[in-house]
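Undergrad: Got a sequence here, can you build the structure:
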Amino acid sequence: MCTLVVSAQPLIVVANRDESLGRPSRPPFQWDEGFLAPRDELAGGTWLGVNPHGVFVGITNRYQAMLDAKRASRGELVVRALGLTSARAIHDAMRAIEPKAYNGFHLVYADERDVLATAADGITLAQFTLGSGVVAITERSFGAGDDSKRIARIMKRWDRDPAKLSTLLAEHDEEDPLSATCVHAPSVDYGTRSAMILTREHGAWKMSWADGPPCTTPFRPVP
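TA: The predicted structure is shown next:
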């Protein structure tokens, strides 16, 4: 996943997953472990999800970080985090992981108290407190690259009204397609594969899902 925007109090999350066009996946469903998440059918993990304790977890890749196919799937980190009861508990657990076991990632986790993150470049690990305002995370965040153009686009379009957030996720950039929120790069077998709008109010989750590029795919409520 490559664009993730979180706003706390109330908790609102929007996300686009950018991935190889042919990589198989399943839309969100309730896993045996009790959380709600899509599934990467190639590696078996997930890139985002919510659990009954009111915790959201999402992960992006890290731009230009080392890639080693022998390392563990980063989706395993999301599954592990969704088994915990608070963002703070995830923060404590992620502090102990071995960064050399995974390719680079940005793991973001939030509840109605905290928005926190753990980032790794494949060698070292860092942790962040992201506050309660609007925070946009991409594969270029935490010093991995320049995502200022995409962040500026997100902040200009941000609106707490969930009905308007689909517009934010469907933006294109003809001059620089990879700086858009909705990416189309078929020449390199890459693009935005799915999108999510998530809110939590009065102790209940409400998720809408587009199982395809949000510029052409309608969002539908997830039971």
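Undergrad: where do the strands sit along this structure?
TA: Using DSSP state E, the strands of the chain run over 3-7, 11-20, 25-30, 36-40, 48-50, 56-61, 105-110, 115-120, 125-129, 134-138, 184-185, 190-201, 204-210, 220-221.
Undergrad: Turn these into TSV, columns for mean pLDDT.
TA: Shown next, in TSV, are the strands of the chain (pLDDT from 0 to 100):
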stretch	mean pLDDT
strand 3-7	95
strand 11-20	96
strand 25-30	98
strand 36-40	98
strand 48-50	98
strand 56-61	97
strand 105-110	98
strand 115-120	98
strand 125-129	98
strand 134-138	95
strand 184-185	94
strand 190-201	95
strand 204-210	96
strand 220-221	96
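Undergrad: Dump these to JSON lines, plus distance to residue 144 and mean neighbour count.
TA: Using the backbone N, CA and C atoms, a C-beta is placed for each residue, glycine as well. Below are those laid out as JSON lines (distance: least, CB to CB, whole Å; neighbours: other CB atoms under 10 Å):
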{"stretch": "strand 3-7", "distance to residue 144": "14", "mean neighbour count": "25"}
{"stretch": "strand 11-20", "distance to residue 144": "15", "mean neighbour count": "22"}
{"stretch": "strand 25-30", "distance to residue 144": "24", "mean neighbour count": "14"}
{"stretch": "strand 36-40", "distance to residue 144": "21", "mean neighbour count": "22"}
{"stretch": "strand 48-50", "distance to residue 144": "19", "mean neighbour count": "26"}
{"stretch": "strand 56-61", "distance to residue 144": "9", "mean neighbour count": "26"}
{"stretch": "strand 105-110", "distance to residue 144": "8", "mean neighbour count": "27"}
{"stretch": "strand 115-120", "distance to residue 144": "8", "mean neighbour count": "25"}
{"stretch": "strand 125-129", "distance to residue 144": "11", "mean neighbour count": "14"}
{"stretch": "strand 134-138", "distance to residue 144": "8", "mean neighbour count": "22"}
{"stretch": "strand 184-185", "distance to residue 144": "19", "mean neighbour count": "14"}
{"stretch": "strand 190-201", "distance to residue 144": "17", "mean neighbour count": "22"}
{"stretch": "strand 204-210", "distance to residue 144": "26", "mean neighbour count": "17"}
{"stretch": "strand 220-221", "distance to residue 144": "33", "mean neighbour count": "10"}
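Undergrad: Any idea which of the ones you listed gets closest to residue 172?
TA: strand 184-185 (7.1 Å; CB to CB).
Undergrad: For the residue nearest the centre of the chain, which non-adjacent residue is closest in space?
TA: Closest to where the C-alpha atoms of the chain average out (CA atoms, centre = their mean) is residue 58, at 3.8 Å. Nearest residue to residue 58, sequence neighbours excluded (CB to CB, 6 or more residues apart in numbering): residue 48, at 3.9 Å.
Undergrad: OK, contacts around that neighbour?
TA: Contact analysis of residue 48 by CB atoms under 8 Å, 6 or more residues apart in numbering lists 1, 4, 15, 17, 37, 38, 56, 57, 58, 59, 78, 196.
Undergrad: and which of those is nearest residue 212?
TA: Nearest member of the contacts of residue 48 to residue 212, counting by CB to CB, is residue 17, at 10.5 Å.
Undergrad: For residue 179, see how far away the residue lying closest to residue 138 once chain neighbours are set aside is.
TA: Nearest residue to residue 138, sequence neighbours excluded (CB to CB, 6+ apart): residue 147, at 4.5 Å. The gap separating residue 147 from residue 179 is 8 Å, by CB to CB, to the nearest Å.
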